[in-house]
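> Starting from these lines, generate the structure:
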Amino acid sequence: MTKKVIKGLKNKMKNKRFQRKVFSFITMVLFMVLVIGLTATPALAGYTDKGLESLDLIIDWIATWAGRIGLVVAFFGALQTALGFMNDDADSKVRGLKLLAAGFMIWGISGSYDYFFSPN
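Residues are numbered from 1 along each chain as shown. Predicted structure coming up:
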């Protein structure tokens, strides 16, 4: 912004008529938000499970596949650990055990979905 534009805005902000216009505009916007909020409340009062059922279905699918992927990661970690013992490589053993633990953690967390969030 140029200095001329900033000076013009400062002069407008000092003008009482401009301040009233801004205040009335802000008041009108807030009033419209209030009216829309009050009229939308009865529409939200109707309860339905359609959206929640589809959300539960999607989350259940994601949890199932996360558990499967966790078991694959754990299997890969077990293989890497076994190869580390075979080659006597300490770094490979540590990485394999970390992968094994991470895979079982993913599997356990995804399996706990049914325990914590079961619809029954």
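
> quick one: which helix or strand includes the residue lying closest to Phe76 once chain neighbours are set aside?
Leaving aside its chain neighbours, Phe76 sits nearest to Leu99 (5.9 Å; criterion: C-beta to C-beta, 6 or more residues apart in numbering). All C-beta spots, glycine's among them, are computed from the backbone N, C-alpha and C. Take DSSP states H and E as the rule and Leu99 turns out to sit in helix 90-117.

> could you give the mean pLDDT of that helix?
Helix 90-117 shows a mean pLDDT of 90.

> now stretch 69-82
In this model, stretch 69-82 carries a mean pLDDT of 95.

> re the thing from before, quick one: list the elements packing against the helix holding Leu99.
Here helix 90-117 touches helix 50-87, going by 3 or more C-beta pairs under 8 Å, 6 or more residues apart in numbering; DSSP states H and E.

> name the helices or strands packed onto the helix it packs on?
Using 3+ C-beta pairs under 8 Å, 6+ apart, helix 50-87 sits against helix 90-117.

> Check which residues of the helix it packs on are buried.
Ser92, Lys93, Gly96, Leu99, Leu100, Gly103, Phe104, Ile106, Trp107, Ser110, Tyr113 (16 or more other C-beta atoms under 10 Å).

> From the residues you listed, pick the one nearest Ala40.
Comparing the buried residues of helix 90-117 against Ala40 with C-beta to C-beta places Tyr113 closest, at 32.7 Å.

> Ile59 is in contact with the closest one, correct?
Yes - with contact defined as C-beta atoms under 8 Å, Tyr113 and Ile59 form a contacting pair (7.1 Å).

> ok, now which ones touch the closest residue to Gly70 other than its chain neighbours?
Once flanking residues are discounted, Gly70 sits nearest to Ile106: 3.1 Å by C-beta to C-beta, 6+ apart. Going by C-beta atoms under 8 Å, 6 or more residues apart in numbering, Ile106 touches Ala66, Gly67, Ile69, Gly70, Val73.

> That's all I had, so thanks and see you.
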